[in-house]
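Participant: I'll drop the sequence and a predicted model, then ask my questions.
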Amino acid sequence: MTDKTPLDRTPRLPVANCCLPTRTDRPSREDPGWPDTLHAEAGAGHLDVEIPAGVFLMGDSFDEGYATDGELPVHEVALGAFRMDATAVTNRQFAAFVDATGYRTEAEKYGTSAVFHLIVQADRKDILGAASGAPWWLTVKGADWAHPTGPGQHWSDVPDHPVVQVSHDDALAYCRWAGRRLPTEAEWEYAARGGLQQQRYPWGNELLRADGAHNCNIWQGTFPEVNTQSDGYLGTAPVRTFPRMATDSTRSAGTSGNGVPTGFCPSTTEIRRRQIRKGPQSARAVSCVAVPICATIPTATATG
């Protein structure tokens, strides 16, 4: 966009949680020892990390989370060993899936999706409204996985960025094609924490390194109006932009929102805790895939 889009447009999409919009018209349907072991796979070119079995404290330990998002209370979870993508699925990988199958995502079928207001690349006529309660998300005609920020951008412009504008069902379809599955929320957080307990980031509690360098792509400034881009990015970043930390096994901190199936419900913590400890899902041998879900998002918290 060449001029500023006001944030008081007519609401179109409701908010599902603290910062992401959703659709209401959907169709029915301590350190365990972290090995540095990767497994290259054919097809879409996945590179796996071995995640060892272990027990960790899941949830926000800083009282900054949202209970309605399942970030509270902190609770103990035990998981079996599993394998997970070293990075989020990229536009290039998702394009291979689409080319092989002819799959059409839900955003393509609807004809619209939500884009963060600072990164929209669309004519004003294609901006249809904003999310109720989160007007920084704009409903953009023609936004989809192949046009992440709107019709003015194509996935080939950013081939190594995480794929966005995909729904949960889209992610499941990709997994079926790739012979993989989505990680549970517990698996995702456990992998992202990389063996550290109750730290703010996968590398510790300080955002920046001692020399002031950034470890991940995360918002700087006043949300949602000003991002200073001191990490170099306003929106998403290529998946291998930042160095892989010794503890951040999957480079999953920052850059995009991720969608996962979960075994945790805030209202039934004790029941779910016992179920998760039995490890019914994490015992599967198939590798996990990290696919960002829903709309383009310029940041994501590293933990919680």
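Facilitator: Right, received. Where do you want to start? Bear in mind that the values here come from a model prediction, so they are computed numbers and not experimental data. Numbers count the residues shown, from 1 in each chain.
Participant: please enumerate the helices of this structure.
Facilitator: Secondary structure of the chain (DSSP state H): helices at 91-101, 106-110, 168-178, 185-193, 269-277.
Participant: so for Leu79, which of those helices sits nearest?
Facilitator: Nearest of the helices of the chain to Leu79, taken as C-beta to C-beta: helix 185-193 at 5.7 Å. Heads up, the C-betas are built off the backbone N, CA and C, glycines and all.
Participant: state the mean pLDDT of the closest one.
Facilitator: Model confidence over helix 185-193, given as mean pLDDT, is 90.
Participant: surely Gly221 and Asn227 touch.
Facilitator: Yes. Look at Gly221 against Asn227 with C-beta atoms under 8 Å: they come within range, at 4.8 Å.
Participant: so between the two, which is more surrounded?
Facilitator: The neighbour count for Gly221 versus Asn227, taken as other C-beta atoms under 10 Å, is higher for Asn227 (21 against 11).
Participant: show the pLDDT at that one.
Facilitator: Per-residue confidence (pLDDT) for Asn227: 95.
Participant: burial measure for the nearest residue to Ala186 once chain neighbours are set aside, as a count.
Facilitator: Sequence neighbours aside, Val77 is the residue nearest to Ala186 in space, at 4.8 Å (criterion: C-beta to C-beta, 6 or more residues apart in numbering). Other residues near Val77 come to 24 when the count uses other C-beta under 10 Å.
Participant: got it, and Gly133?
Facilitator: Other residues near Gly133 come to 12 when the count uses other C-beta under 10 Å.
Participant: please report the distance of it from Gly80.
Facilitator: Here Gly133 is placed at a distance of 39 Å from Gly80 (C-beta to C-beta, to the nearest Å).
Participant: kindly report the same for Asn227.
Facilitator: 39 Å.
Participant: show the pLDDT at Glu76.
Facilitator: pLDDT, Glu76: 94.
Participant: likewise Leu72?
Facilitator: Leu72 is assigned 83 on the pLDDT scale.
Participant: now do the phi/psi pair for it.
Facilitator: Main-chain torsions, Leu72, degrees, to the nearest 10: phi -140, psi 150.
Participant: show me what counts as buried in stretch 62-78.
Facilitator: Using 16 or more other C-beta atoms under 10 Å as the test for burial, stretch 62-78 gives Gly65, Gly70, Glu71, Leu72, Val74, His75, Val77, Ala78.
Participant: again but with stretch 118-129, I slipped
Facilitator: Going by neighbour count (16+ other C-beta under 10 Å), the buried part of stretch 118-129 is Leu118, Ile119, Val120, Gln121, Ala122, Asp126, Ile127, Leu128, Gly129.
Participant: skipping its backbone neighbours, what lies nearest the fifth one in space?
Facilitator: Computed as C-beta to C-beta, 6+ apart, the closest residue to Ala122 that is not its neighbour in sequence is Gly150, at 3.3 Å.
Participant: fine by me, we can end here.
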